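Undergrad: sequence first, predicted model second:
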Amino acid sequence: MNADNPAATLLAEMARLSPQPLLAIEADSGTILALNQLARDTLGLPNAAPALRDLFDNPSLARQFLLIARNNGFIRQFEARLNLAGGQRVWVLLAARLVDLDGKSALIVSFTDIHERHLVEEALRESEQRHRRVLETANEGYALFDARSGELLDVNPALCELLNYPREQLLRMRPDEVLTEDSMAKLFEQRERWGSAASRKLELGMRRAGGERITVEVSLSAVSDVDGQITSIFALLSDITSRKLNEERVLYLAFYDTLTALPNRFLFSEHIEQALRQQARQGKTLALLFIDLDDFKQVNDTLGHDAGDELLKVIAKRLLSCVRASDTVSRQGGDEFMVLLANLNGEADAVQVAEKMLATLDAPIELDGQQVSVRASIGIALCPEHGNSAAQLRRHADIAMYQAKFDGKHRYAVYRAASED
Ligand SMILES: Nc1nc2c(ncn2[C@@H]2O[C@H](COP(=O)(O)OP(=O)(O)OP(=O)(O)O)[C@@H](O)[C@H]2O)c(=O)[nH]1
């Protein structure tokens, strides 16, 4: 112990025992004046200590460090990479305080090894930047929104383009300004059930700036905090409007007649099966009416095929006007239509509809300035009287229709067992 200056001896002893590396540096030149054993070992310095700038792997950072310390009198946190013993270069967090040393400014400097943390943070920063670059250049729209308020937190350029809004405007908008009402309800329902799954796919309707409606496929992923609470939702959106329209078109073509927009043969068969099941439960009468236009060929031959098409469309509308919403009018092909009447009390009800159809069709139709008159023959088959299957009913309505043609056209005929011969 230094008997002349016990306090100095104590300080020297404290510095020796400190778990922190400590250095005393001349504030102007950066020359190292003293350092504790831990600093000496960590930095691998010889007894003749070099200047601070030799310790920094970036000398301009060393200059900056000294400047700040001199100006502020202290530095709480300063990240730098130091050259350590054995040639290692390690990230450290430096702290410093300016002190007066016999009229000269000196700095007491300590540092903590943060190499691992720094590398992890750097990797995170890089990965964040990579992800951001992917999102910035992606064709898919991206949105991050608050799980509780639904507020949009982030969007990428593809989403701005998809919805046709500038980024700043989009970020200020409420979800219900871009989502349709049903889609809002769908999303809300999802939110209630978020806990059960980490990600979901939904089809949602959206409105672009200007009002155009689009359909998007949205993949939603929940983002949780350390306590497992869902804080935000990450959404990737792709425009599937044209795919949906194509699907709808394909479905439409499969089930509907493009000329008249009536159900086609295939969809009509489905309706018959359904009606037969209902008939079996309720026991009411079901009627199948087979309608074939009379002498339609003449219309085509005299006025042309396009006029014939127009006529078929008018006839479809007129037939529809004769039935209830729960009945089905279909076009089977050519000039043949079939109508399914459900929940009848008996034959008389079916006959009444057939008579109404004949009368309605009778009214002249104007085509290209000409008055055209179209008539039809109708065959009627009833369930259960004339059969319990779609095939039987079709066959018997067909036979009855030919009976009507045979009897002079422009009339209806109800199937009679004898007429099968
Ligand atoms: N314009 C038009 N004509 C069609 C279409 N499909 C079939 N046709 C025509 O409809 C006519 C049907 O004739 P048919 O049922 O055989 O005979 P019809 O002249 O109606 O005589 P009857 O049935 O005996 O009263 C034919 O000339 C077909 O070419 C169509 O989609 N559009």
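TA: Received the coordinates, thanks.

Undergrad: quick check: phi and psi on Asp327?
TA: phi -90, psi 160 (degrees, to the nearest 10).

Undergrad: which residue, neighbours along the chain excluded, lies closest to it?
TA: Leaving aside its sequence neighbours, Asp327 sits nearest to Leu341 (CB to CB, 6 or more residues apart in numbering; 5.1 Å). Just so you know, the C-beta spots here come from the backbone N, C-alpha and C atoms, and that holds for glycine as well.

Undergrad: contacts only, for that neighbour.
TA: 286-289, 323-324, 327, 349-350, 353 (CB atoms under 8 Å, 6 or more residues apart in numbering).

Undergrad: can we see that at 6 Å?
TA: The contact partners of Leu341, by CB atoms under 6 Å, 6 or more residues apart in numbering, come to 287, 327, 350, 353.

Undergrad: in helices only, show me the residues you listed.
TA: The members of the contacts of Leu341 that map onto helices under DSSP state H are 350, 353.

Undergrad: which SS state does Arg191 fall under?
TA: Look at Arg191: counting by DSSP: H, G, I helix; E, B strand; the rest coil, its state is helix.

Undergrad: tally of neighbours for it?
TA: The number of residues packed near Arg191 is 15, by other CB atoms under 10 Å.

Undergrad: what backbone torsions are found at Val323?
TA: Dihedral angles of Val323 (phi, psi; degrees, to the nearest 10) stand at phi -120, psi 170.

Undergrad: if we can go back for a sec, pLDDT score for the residue nearest to Asp327?
TA: At Leu341, the pLDDT value in this model is 97.

Undergrad: and Leu52, by the same measure?
TA: 88.

Undergrad: show me the contacts for it.
TA: Counted by CB under 6 Å, 6+ apart, Leu52 has contacts 25, 30, 62.

Undergrad: out of these, which sit inside strands?
TA: Ile25 (DSSP state E).

Undergrad: ok, back up a step: tell me the one of the contacts of Leu341 nearest Asp239?
TA: Asp327 (39.4 Å; CB to CB).

Undergrad: strand partners of the helix or strand Ala106 falls within, parallel vs antiparallel please.
TA: Using DSSP states H and E, Ala106 falls within strand 104-113. In the sheet, strand 104-113 lines up against strand 22-26 (antiparallel), strand 89-101 (antiparallel) (DSSP bridges).

Undergrad: how far off centre is it?
TA: Here strand 104-113 is found 56 Å from its chain centre; the criterion is CA atoms, centre = their mean, to the nearest Å.

Undergrad: just the CA trace of that strand, in PDB.
TA: Extracted C-alpha coordinates of strand 104-113, given in PDB (Å, rounded to 0.1, in the frame of the first residue of the first chain):
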ATOM      1  CA  LYS A 104      -5.000  17.900 -18.000                       C
ATOM      2  CA  SER A 105      -8.100  16.300 -19.300                       C
ATOM      3  CA  ALA A 106      -8.300  12.500 -19.100                       C
ATOM      4  CA  LEU A 107     -10.900  10.000 -19.900                       C
ATOM      5  CA  ILE A 108     -11.900   7.000 -17.900                       C
ATOM      6  CA  VAL A 109     -13.100   4.400 -20.400                       C
ATOM      7  CA  SER A 110     -14.800   1.000 -19.800                       C
ATOM      8  CA  PHE A 111     -16.200  -1.400 -22.300                       C
ATOM      9  CA  THR A 112     -18.400  -4.400 -22.500                       C
ATOM     10  CA  ASP A 113     -18.300  -7.200 -25.000                       C
END
